[in-house]
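Participant: Task: produce atomic coordinates for the following.
(one chain, ligands or ions: 1)
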Amino acid sequence: MYLILFGPPGAGKGTQALILQRELGLPQLSTGDMLRAAVAAGTELGKRCKAIMARGDLVSDEIVVGIISEHLDQPDCVKGAVFDGFPRTIAQAEALDGMLAKRGTQIDAVIELKVDDEAMVGRMETRINESGGAARADDNPETLRHRLSVYRKSTEPLLAFYRAQAKLSAVDGMAPIPQVAAEIRHALNRVSRT
Ligand code: ADP
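Facilitator: Take a look at the predicted model:
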């Protein structure tokens, strides 16, 4: 099963992707984690992305589509994967549909974590405090507001894209973590029965 976890920065996509990885054995494909690893390793790609990410802007579609395509060719992704933080633009979503079609498969479900922006700023402050300072260059209130506006402008239009494909299910991302996980399981059960 190929799933997309969808929602603004701080919605809990990474947390839920890890739960799905543990429960369903689906590998988590987080473009944010992959890009941060490239930045930390100081690769050519990391150098190209570092400043863009620190500002909270999107790196190019070409870069993220390239790294996802490489991962999809690995054996652990043959039966499925959970996409976290990808796709973020219509062009990325179209490229993903193409990559999966070429491999004889498709997206089964898109789970939208519904949250409110002000609560996201609060969650981010908790994340910063818990990490004892700047764990991530882009985790500060100003950059978070910019990331939220980039989300509204470039990423939110994907909801209509996936609604048109009848793949979208919404869950309440403000609920406690185990409850969000349970709601996601229910949504996936509905998908696998249809
Ligand atoms: P968030 O917590 O904001 O959801 P991520 O960890 O998913 O953050 O991404 C961090 C940063 O990495 C983004 O602000 C962006 O610069 C870059 N990035 C991650 N995924 C993508 C993508 N699919 N397209 C473009 N840029 C991306």
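Participant: which bits of the chain sit near the ligand?
Facilitator: 9, 31-32, 35, 52-53, 56-59, 64, 85-86, 88, 92, 138, 147 (Cβ under 6 Å from any ligand atom). In short, each C-beta sits where N, CA and C put it, glycine included.
Participant: which non-adjacent residue is nearest Phe161?
Facilitator: The shortest distance from Phe161 to any non-neighbouring residue, by Cβ to Cβ, 6 or more residues apart in numbering, is to Ala93 (5.6 Å).
Participant: quick one: secondary structure of Ser169?
Facilitator: Reduced to three states with DSSP: H, G, I helix; E, B strand; the rest coil, the structure at Ser169 is strand.
Participant: Please, where are all the helices along the protein?
Facilitator: According to DSSP state H, the chain carries its helices in the segments 13-24, 31-41, 44-55, 61-72, 90-102, 117-130, 141-150, 158-164, 177-193.
Participant: Comparing the ones you listed, which yields the minimum mean pLDDT?
Facilitator: Lowest mean pLDDT within the helices of the chain: helix 117-130, a mean of 77.
Participant: Kindly reformat the helices of the chain as a markdown table containing distance to Lys79 and mean neighbour count.
Facilitator: As requested, the helices of the chain are exported to a markdown table (distance: least, Cβ to Cβ, whole Å; neighbours: other Cβ atoms under 10 Å):
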| stretch | distance to Lys79 | mean neighbour count |
| --- | --- | --- |
| helix 13-24 | 10 | 18 |
| helix 31-41 | 20 | 17 |
| helix 44-55 | 27 | 15 |
| helix 61-72 | 12 | 17 |
| helix 90-102 | 13 | 16 |
| helix 117-130 | 32 | 14 |
| helix 141-150 | 32 | 16 |
| helix 158-164 | 21 | 15 |
| helix 177-193 | 14 | 14 |
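Participant: Contacts only, for the closest residue to the ligand within the chain.
Facilitator: In the chain, the residue that lies nearest the ligand is Gly32 (2.0 Å; Cβ to the nearest ligand atom). With contact set as Cβ atoms under 8 Å, 6 or more residues apart in numbering, Gly32 has these partners: 14, 84-85.
Participant: Please report how far it lies from Val59.
Facilitator: As judged by Cβ to Cβ, to the nearest Å, Gly32 and Val59 stand 10 Å apart.
Participant: Also Ala101?
Facilitator: Applying Cβ to Cβ, one obtains 24 Å for the distance of Ala101 from Val59.
Participant: Likewise for Ser69?
Facilitator: From Ser69 across to Val59, the span is 15 Å (Cβ to Cβ).
Participant: again, but for Leu158
Facilitator: Computed as Cβ to Cβ, the Leu158 to Val59 distance reads 17 Å.
Participant: got a list of contacts for stretch 53-65?
Facilitator: By Cβ under 8 Å, 6+ apart, the surrounding residues in contact with stretch 53-65 are 31, 35-36, 39, 45, 48-49, 52, 86-89, 91-92, 95-96, 99, 137-138, 143-144, 146-147, 150, 154.
Participant: From start to finish, how long is that stretch in a straight line?
Facilitator: 16 Å (Cα to Cα, to the nearest Å).
Participant: roughly how far is it from the heart of the chain?
Facilitator: Centroid displacement of stretch 53-65 relative to its chain, using Cα atoms, centre = their mean, to the nearest Å, is 13 Å.
Participant: Alright, calling it a day.
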